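# Predicted model, plus sequence, below.
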Amino acid sequence: MAYGIDYRRRIITFVNEGGSKLEAARLFKVHPDTIYEWLKRGDDLSPRPAKTRRRKIDKEALRRHVREYPDALLRERAVVFKVTPEAVFYALQAMKIVKKTA
């Protein structure tokens, strides 16, 4: 959850005017680690973009594999991509690729 910059400044001002970090955390309902992080950052209190995780499965390669081998099972695809069947399942789900049976 991203807090507004004004809200962040109010918390930092509270701490700079003598309030404790833990007291600020309780009062403003923010985790103490968050307050410590904001204090380290100095004047730049703007929200930072979320980091995207580097995925092991190449989406285009998976898409190609599905086109070439439409009847392959999850466990077979998992062997090809050297991941778990669950990882293939979630990747296909994220790509909105479903296996439909007639």
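Arrived safely, thanks for sending.
# Poorly predicted segments of this structure, please.
Scanning the chain for pLDDT under 70 picks out 1, 100-102.
# Show me how it divides into domains.
Recorded structural domains for the chain (assignment: automatic domain parsing) are 5-41, 59-94.
# Make CSV from those and add distance to Pro47 and mean neighbour count to it.
For every residue, glycine as well, the C-beta is placed using N, CA and C. Formatted as CSV, these follow (distance: least, Cβ to Cβ, whole Å; neighbours: other Cβ atoms under 10 Å):
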stretch, distance to Pro47, mean neighbour count
domain 5-41, 8, 14
domain 59-94, 24, 14
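# Columns distance to Lys51 on top of these, output as a markdown table?
Putting the domains of the chain into a markdown table (distance: least, Cβ to Cβ, whole Å) gives the following:
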| stretch | distance to Lys51 |
| --- | --- |
| domain 5-41 | 14 |
| domain 59-94 | 17 |
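# count of neighbours near Ile57?
Neighbours of Ile57 under the rule other Cβ atoms under 10 Å: 21.
# Surely it touches Phe89?
No. In this structure, Ile57 is not within contact of Phe89 by Cβ atoms under 8 Å, at 10.8 Å.
# Which one of the domains of the chain lies nearest to Ala50?
Closest of the domains of the chain to Ala50 is domain 5-41, at 14.6 Å (criterion: Cβ to Cβ).
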